[in-house]
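[1] need a structure here:
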Amino acid sequence: MSGNKRIFDLPLRTGVTANDRLAIVDSGNTTTYSVKVSDLQDGTGVNSIDAMTGDILTAAGAGIEIISESGELNINNIGVLTLEGLFGDILLSGGTDITITDNGTNTITIEATGSSPFIAANGTNNVISNYYPASNISNTTSQTAIIGGTGNIIIDNTNESAIIAGNTNYYVNNNTNSVILGGNTNYMSFTNNNAVIAGNNNTIQYADNSAILGGVSNSGGYDRSVILGGTSQVTLQDDEVVVPKLRTTKYTSLNFSGDTAAAAGGVQLGEFYHDNGLVRIRII
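    Alright, predicted model coming up:
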């Protein structure tokens, strides 16, 4: 066959066996290289790349697995990507349905453009799973995860923390052992051992061991404090529980004429009860 041909221009050969070889000949027809068919994967299978040291460029790939990559990796327009024990630089451009998993202890760096997620700037053991556009983990985070949701962000020295589902929730600046579970535009900054569960536009800053459960535009800034629902509720001191309205359905069984009767009825010291509608606290 005269002249150089692109592989997809060559005639198709039938009856190929695993031991047949693909010959690659240089333009001067002086050198022939070959590779066994059994060493190749067809376009519908799973392609594995081990111990790569150079750049890799793929187009419209799917089911790609990369193990122990030690150089720089560029992947464009990919389908599903799984990274195990990976270290090096990674660029994701225009990908969709991307899953990133780091099962090793090495540092991984992932940058993204368009609608791709990314893990960037010296993250360790980070995971983005079942993401939607604009989710990202970056800037020296470790043992962090974004699972589901839309546009969630973990950034700047956040460790051992997670965002699970929800929309545009984010950690910024020094958060440890904390979680945002669901909700919309919830935010944490400079916190330890905290939780925001559901709600909208709730914030915990400069506080430890605190929580906000639901509500809208609530703000916690004191240690060991909890806000339960409501709108624009604010903690004012350590060790407090903020409740906009408190209702009990057990009022009929909490009606006692004084502390002695309340104690006999099982009310504990410091517990609330009422005397025909008058709220009391048992103190003796």
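[2] low-confidence ranges in the stretch 151-284 of the chain?
    For the stretch 151-284 of the chain, no stretch is flagged by pLDDT under 70.
[3] can you give me the helices in it?
    Assigned by DSSP state H, counting those that start in this stretch, the stretch 151-284 of the chain shows helices spanning 259-264.
[4] and the strands in it?
    Here the stretch 151-284 of the chain has its strands, by DSSP state E, counting those that start in this stretch, at 153-155, 162-164, 170-172, 175-176, 179-181, 187-192, 195-197, 203-208, 211-213, 219-220, 226-228, 241-242, 272-275, 278-281.
[5] in CSV, list those along with mean neighbour count and distance to Thr248.
    The C-beta positions use only the backbone N, C-alpha and C, and glycine is treated the same way. Formatted as CSV, those follow (neighbours: other CB atoms under 10 Å; distance: least, CB to CB, whole Å):
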stretch, mean neighbour count, distance to Thr248
strand 153-155, 23, 39
strand 162-164, 22, 31
strand 170-172, 23, 36
strand 175-176, 24, 35
strand 179-181, 22, 27
strand 187-192, 22, 31
strand 195-197, 22, 22
strand 203-208, 20, 28
strand 211-213, 22, 18
strand 219-220, 22, 24
strand 226-228, 20, 14
strand 241-242, 16, 15
strand 272-275, 17, 8
strand 278-281, 12, 10
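[6] list the contacts of Ile284.
    Shown in contact with Ile284 (CB atoms under 8 Å, 6 or more residues apart in numbering): Asp259, Thr260, Ala263, Leu269.
[7] over to Thr203?
    Asn186, Tyr187, Met188, Ser189, Ile212, Asn218, Ser219, Gly220 are the contacts of Thr203 under CB under 8 Å, 6+ apart.
[8] any chance of CSV for these, columns distance to Ile180?
    Compiled in CSV, the contacts of Thr203 are given as follows (distance: CB to CB, whole Å):
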residue, distance to Ile180
Asn186, 5
Tyr187, 8
Met188, 7
Ser189, 12
Ile212, 10
Asn218, 13
Ser219, 15
Gly220, 13
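[9] pull the most distant pair out of the residues you listed.
    Distance extremes for the contacts of Thr203: the farthest pair is Ser189 and Asn218 at 14.9 Å, using CB to CB.
[10] ok so, going back, mind checking which of the contacts of Ile284 are buried?
    Buried members of those, scored by 16 or more other CB atoms under 10 Å, are Asp259, Ala263.
[11] columns distance to Ile197 on top of the contacts of Ile284, output as a markdown table?
    Shown next, in a markdown table, are the contacts of Ile284 (distance: CB to CB, whole Å):
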| residue | distance to Ile197 |
| --- | --- |
| Asp259 | 36 |
| Thr260 | 40 |
| Ala263 | 36 |
| Leu269 | 31 |
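[12] among the contacts of Ile284, which one sits closest to Val241?
    Leu269 (18.1 Å).
[13] fine by me, we can end here.
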